[in-house]
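*Asks:* Let me see the structure of the following:
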Amino acid sequence: MSYGDPNNPYGAPQGQPPGYGYPQQPQQPQQGYGYPAAPPVGAYSGAPAPTSMPGTVSTARVLLWVIVGLQLIGVALFAITAASVEAAKDDPTLSEEPAFEQLADYSSGLLWGLTVFALAWGVFALVLALKFGKGGNGVRVTALVFGIITAILGIYPFILVGLIHTVLAILIAVFVGNAAGSAWFKRPRY
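*Replies:* Numbers count the residues shown, from 1 in each chain. Below you'll find the predicted structure:
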């Protein structure tokens, strides 16, 4: 029994194509084993990926550059202080002054250690600032951690000078952690 048999009671009526009376469904192209073709990549993604760096992320990058500059100033001040304390410890006239005695309580090794730490923290900020353009979500998380730790260090040991670092670090963490920052660092890279 076929559709072409005029004596078939279950076949299509004469002169009409098969499927008459049923709504016509558009057919999707078939791939192997009868499964329909997959939708194009990115067809169902939510928001479009940003093509240029959002303003808040760019601001966070600039703030990192400001921290790099402040760290270089701090490195210079720590190094000058460490060198002058080393040279002045042998001077007998300065050993009687109370202002110098308070400064001389710090060992020159501690001051040189703070110099190295300030330099390393500045290099860390520099690397983060350079990675913002092409970095992924790992750079975002690292910048968040950097901002939080910098804010904490700015509060406790260096209260007066660290206030600037604290404000900058909090702004970096907020700008990198918001939705625009998340979209920028999680964007697809082809």
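
*Asks:* Skipping its backbone neighbours, what lies nearest Arg61 in space?
*Replies:* Leaving aside its sequence neighbours, Arg61 sits nearest to Phe132 (Cβ to Cβ, 6 or more residues apart in numbering; 4.5 Å). The way it works is simple: take the backbone N, C-alpha and C, and place the C-beta from them, glycine included.

*Asks:* which ones are touching that neighbour?
*Replies:* Residues in contact with Phe132 (Cβ atoms under 8 Å, 6 or more residues apart in numbering) are 53, 57, 60-61, 64, 139, 143.

*Asks:* next one: Gly122
*Replies:* So Gly122 contacts 67-68, 71-72, 74-75 (Cβ under 8 Å, 6+ apart).

*Asks:* neighbouring contacts of stretch 63-74?
*Replies:* Contacts of stretch 63-74 (Cβ under 8 Å, 6+ apart): 118-119, 121-122, 125-126, 128-129, 132, 143, 150, 161, 164-165, 168-169, 171-172, 175.

*Asks:* ok, now with 7 Å
*Replies:* 118, 121-122, 125-126, 128-129, 164-165, 168, 171-172 (Cβ atoms under 7 Å, 6 or more residues apart in numbering).

*Asks:* Mind listing what's buried along it?
*Replies:* 63-64, 67-68, 70-71, 74 (16 or more other Cβ atoms under 10 Å).

*Asks:* re the thing from before, go through the contacts of Gly122 and say which is closest to Tyr156.
*Replies:* Distance to Tyr156, by Cβ to Cβ, is smallest for Gly74 among those, at 15.6 Å.

*Asks:* still on that earlier bit, so which of the contacts of Gly122 are in helices?
*Replies:* Those of those mapping onto helices are 67-68, 71-72, 74-75, per DSSP state H.

*Asks:* Could you point out the helix or strand that follows the worst-scoring helix or strand of the chain on mean pLDDT?
*Replies:* Every helix and strand in the chain was compared by mean pLDDT, DSSP states H and E; the lowest is helix 98-104, with a mean of 67. As assigned by DSSP states H and E, the chain's next helix or strand after helix 98-104 is helix 108-131.

*Asks:* Pull the number of nearby residues for Leu110.
*Replies:* 13 (other Cβ atoms under 10 Å).

*Asks:* what sits against it?
*Replies:* Contacts of Leu110 (Cβ under 7 Å, 6+ apart): none.

*Asks:* Before I go, just wanted to say thanks for your time.
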